[in-house]
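return a 3D structure for these sequence lines:
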Amino acid sequence: MNPEMLWVFGLLALCVGCFVANRPRMDVVAICALPALVLSGILTVNEALAGFSEPSVILIAAFFVIGEGLVRTGVAFRVGDWLVERAGSDETRLLILLMLAVALLGSVMSSTGVVAIFIPVALSIAARIGAEPRRLMMPLAFAALMSGMLTLVGTPPNLVVNAELNRAGQQGFGFFDFTPMGLVVLAFGVAYMLLVRGWLGGPASPQAQVRSRRRRLRELAEDYQLLNRARRMMVANGSPMIGHTLKELQLRARYGANIIAIERARQFGRVMLTTAANREILSGDVILVDFARGEEGIARFAGEMRLQDRAFRNDYFADLSRELGLAEVLIPPGSSLIGKSILELRMRTQRGINVMGLRRNGQSLADVLLNEKLKMGDTLLIAGTWKSIRVLHTQAHDFLVLTLPAEMDEAAPAARRAPHALACLAITVALMISGAVPNVIAALLGCILMGALRCIDMDSAYRSIHWQSLILIVGMLPFATALQKTGGIDYLVGGLLALTGDGSPRMVMAALFALTAVVGLFISNTATAVLMAPIGIGLAGQLGVSPYPFAMTVALAASAAFMTPVSSPVNTLVLGPGDYRFGDFVRVGVPFTVLVMLLCVGLLPVLFPF
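Prediction:
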């Protein structure tokens, strides 16, 4: 082992250690490794930065955008509606359809996003059939993980492995090359969850049914005692509010007045404005206010601020439901919000949403909440634009969106464009299947079509991209080059072959799957694929066999993150709603991972001969 190889292995071990500790963030660690590889003289600047020009990185980003287009046009939510309508109250049919729907949708969009969409659907289903949510939450997560095994673009590890094949001078996988193996795993996965669902729980208690029932806006407001607290008031001439921003006015701290939205006159009618901290109040604005201090506080606020009462046209929340909404969010374990007060969170400033209520241990806290310190398991009722609420889905480390009211399905910002979004997806997939253009060009054309047909706007497109995942890939890809240049790949391949002795290629595949799955317990599946793909292809070269079954083994093993609740964000998302413990995932996930390994070792050489 030469000094250069030792340096690369040492740097790689340091990165993995930081990944396990999650300090600092994984993308920061990956970027910091780039100058270390260059300054040591192992890589040139161009080699270190080659990940930024990697087509698979652009392809992953493009499918984040296409997936967001499916959400914004309501396609994803309509799949959930279809599931509820067709499944009825039979638990077996519900579980099968739920897993199939999640897998199908997850094969063309982010699996984490799919789980976030289907959590409230699954909670509603659990309540209706009288089952504990935990009987559906883990099947939901497993189906989302298996969705990555169905298509080339189902999950970033597939694209990482495909890129490594290209780097090795091999032809990459086709769009549906993963599908036969993925369908087999999915079929066994559905059957497995039907067999082991008894381990996950029994009939729901009345409290669980109430907790998981999907409600409408008015019902959510009633649960948090908000219905008699809302007022609609016009800012009259001479009001001291005029010309000041909401941040400057500090109305919630002074009066207990939480400004939810602002109606402002325009040339062709009135528009609804969000309550950003820097939003300036103008004469004639109509403010929608939630009060926490009773009638006396309302009278004082209206008098001192010179406000005139304005009646609601209908029910308060019905007036707002096309633009603004409510949602329940759970504070999960490890959230950075734990121990902070609502005032300290600066939710309006940083996220454009307002905290309306707090439930703790099933009880609504009706008092002033500004200085209340949040605890793990607290549920917040938040108000904001549907766009802001959807953004919370991407912040699962701090929030777990539990209850999305039924009105959200009707408020997809581009609902009328759903047929256009499906057409864009179909064109993209058709181009990738036909090979008429490179995959990355097909995906970019799909994004352009989504934008041209107004299925998505530029702001939403940029927000939809999970930049942390992309930077992680960009930062870790040069390690493969460094290991190859220093002989590290050959060293690792030799070590793995020595472990398996004179075993057959199938035995080596089993060892490769097991090693990849174990590495995936500690670092993200994307980083796992980056590290293990060159090793898998190197093993095939040493054995003198086709690299395709070994490359596919790495991709599938990287997606087989079933064993612990922290081995994938998908599992972490369902941990709270399912009320699972660490051991629940171990008891159910480890046997299934072994089953997937046996399926891969048995079938991949048939689909991709040695």
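
and the helices in the stretch 201-350 of the chain?
According to DSSP state H, counting those that start in this stretch, the stretch 201-350 of the chain carries its helices in the segments 206-212, 217-223, 246-249, 251-255, 294-305, 316-320, 342-345, 347-351.

cool, the stretch 401-550 of the chain as well?
Under DSSP H, counting those that start in this stretch, the stretch 401-550 of the chain gives helices at 418-434, 439-452, 458-464, 467-486, 488-500, 505-519, 525-543, 548-559.

of those helices, which stretch is the most buried?
Mean neighbour count (mean count of other Cβ atoms under 10 Å) peaks for helix 548-559 among the helices of the stretch 401-550 of the chain, with a mean of 28. In short, each C-beta sits where N, CA and C put it, glycine included.

what inclination does that one have with respect to helix 525-543?
With axes from the mean of the first three to the mean of the last three Cα atoms, to 10 degrees defining the directions, helix 548-559 sits at 160 degrees from helix 525-543.

centre of the chain to helix 548-559, how far?
Distance, stretch centre to chain centre, for helix 548-559: 23 Å (Cα atoms, centre = their mean, to the nearest Å).

number of nearby residues for Gly325?
24 (other Cβ atoms under 10 Å).

now for the closest residue to it other than its chain neighbours, how many residues are close by?
If the residues on either side of it in the chain are set aside, Gly325 comes closest to Trp386, at 5.2 Å by Cβ to Cβ, 6 or more residues apart in numbering. Look at Trp386: counted by other Cβ under 10 Å, it has 21 neighbours.

break the chain into its domains for me.
40-214+434-466+483-610, 215-403 (automatic domain parsing).

could you give the average pLDDT over the shortest one?
Which is domain 215-403. Across domain 215-403, pLDDT averages out at 77.

need the strands for the protein, in chain order.
230-235, 257-266, 269-273, 286-291, 307-309, 324-330, 353-360, 363-365, 379-385, 400-403 (DSSP state E).

tell me which strands the fifth one pairs with, and in which orientation.
Pairing partners of strand 307-309, with direction, according to DSSP bridges: strand 230-235 (antiparallel).

same deal with the fourth one?
Within its sheet, strand 286-291 is paired with strand 230-235 (antiparallel), strand 257-266 (antiparallel), according to DSSP bridges.

now distance to Leu249 and mean neighbour count too, for those, in a markdown table please.
Listed next are the strands paired with strand 286-291 as a markdown table, based on distance: least, Cβ to Cβ, whole Å; neighbours: other Cβ atoms under 10 Å:
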| stretch | distance to Leu249 | mean neighbour count |
| --- | --- | --- |
| strand 230-235 | 11 | 19 |
| strand 257-266 | 9 | 18 |
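
now tabulate these in JSON lines and tack on distance to Ile535.
Formatted as JSON lines, those follow (distance: least, Cβ to Cβ, whole Å):
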{"stretch": "strand 230-235", "distance to Ile535": "60"}
{"stretch": "strand 257-266", "distance to Ile535": "54"}
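
out of those strands, which gets nearest to Ser546?
With Cβ to Cβ as the measure, strand 257-266 is the member of the strands paired with strand 286-291 nearest Ser546 (60.4 Å).

hmm, who's touching that closest one?
230, 246, 251-252, 270-275, 279, 281-282, 284-292, 297, 301, 320, 323-324, 354, 356, 383 (Cβ atoms under 8 Å, 6 or more residues apart in numbering).

returning to that earlier point: mind putting the strands of the chain in a markdown table, distance to Val115 included?
Converted to a markdown table, the strands of the chain look like this (distance: least, Cβ to Cβ, whole Å):
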| stretch | distance to Val115 |
| --- | --- |
| strand 230-235 | 33 |
| strand 257-266 | 29 |
| strand 269-273 | 31 |
| strand 286-291 | 31 |
| strand 307-309 | 44 |
| strand 324-330 | 14 |
| strand 353-360 | 21 |
| strand 363-365 | 27 |
| strand 379-385 | 19 |
| strand 400-403 | 10 |
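
top helix in this structure by residue count?
helix 582-607 (DSSP state H).

and the angle for that one with helix 505-519?
150 degrees.

list the buried residues of helix 582-607.
Residues of helix 582-607 classed as buried by neighbour count (16 or more other Cβ atoms under 10 Å): 584-585, 588-589, 592-597, 599-601, 604-605.

surely Leu365 and Asn371 touch.
No - with contacts counted by Cβ atoms under 8 Å, Leu365 stays clear of Asn371, the gap being 11.8 Å.

which one of these two has more residues nearby?
Just comparing Leu365 and Asn371: by other Cβ under 10 Å the higher neighbour count belongs to Leu365, 15 against 10.

report pLDDT for Asp81.
Reported pLDDT for Asp81: 65.

for Met181, same thing?
94.

count the residues that sit near it.
Met181: 24 neighbours (other Cβ under 10 Å).

over to the one 10 residues further on?
Here the number of neighbours of Ala191 (other Cβ under 10 Å) works out to 12.

and it, what's its pLDDT?
94.

residues contacting it?
Applying Cβ under 8 Å, 6+ apart to Ala191 gives no contacts.

look up how far Ala517 lies from it.
Computed with Cβ to Cβ, to the nearest Å, the distance linking Ala191 and Ala517 is 21 Å.

same question, Leu539
The spacing between Leu539 and Ala517, counted by Cβ to Cβ, is 16 Å.

Pro240 now?
64 Å.

ditto for Ala383
Distance, Ala383 to Ala517, using Cβ to Cβ: 43 Å.

what do you get for Gly284?
63 Å.

cool, and Val16?
From Val16 to Ala517 the distance is 15 Å (Cβ to Cβ).

Leu37 versus Gly10, what's the distance?
Taking Cβ to Cβ, one finds Gly10 at 12 Å from Leu37.

give me the common contacts of those two.
With Cβ under 8 Å, 6+ apart, Gly10 and Leu37 have no common neighbours.

just how off-centre is stretch 172-188 within its chain?
Counting by Cα atoms, centre = their mean, stretch 172-188 comes out at 22 Å from the chain centroid.

and the contacts of that stretch?
By Cβ under 8 Å, 6+ apart, stretch 172-188 touches 99-100, 103, 107, 143, 146, 149-154, 158, 161-163, 165-166, 429, 432-433, 435, 439, 548, 551-552, 555-556, 595-596, 599-600, 603-604, 607.

so who does Ser110 touch?
Phe63, Phe64, Gly67, His466.

ignore the last one, Ser147
With Cβ under 8 Å, 6+ apart, Ser147 has these contacts: Val102, Ala103, Leu104, Leu105, Gly106, Ser107, Ser111, Val114, Gly154, Thr155.

what does Ala141 give?
Ala141 touches Val115, Ser568, Val570, Asn571, Leu573, Val574, counting by Cβ under 8 Å, 6+ apart.

try it again at 6 Å.
Contact analysis of Ala141 by Cβ atoms under 6 Å, 6 or more residues apart in numbering lists Val570, Asn571, Val574.

gap between the last one and Met552?
When you say that, I think you mean Val574. 27 Å.

over to the second one?
Separation of Asn571 from Met552 (Cβ to Cβ) stands at 23 Å.

same check, this time on Lys247
Distance from Lys247 to Met552, by Cβ to Cβ: 54 Å.

and if you look at Val545?
13 Å.

give the contact list for Gly106.
Gly106 neighbours (Cβ under 6 Å, 6+ apart): Val114, Ala144, Ser147.

let's see that with 7 Å instead.
Contact analysis of Gly106 by Cβ atoms under 7 Å, 6 or more residues apart in numbering lists Val114, Ala144, Ser147, Gly148, Gly154.
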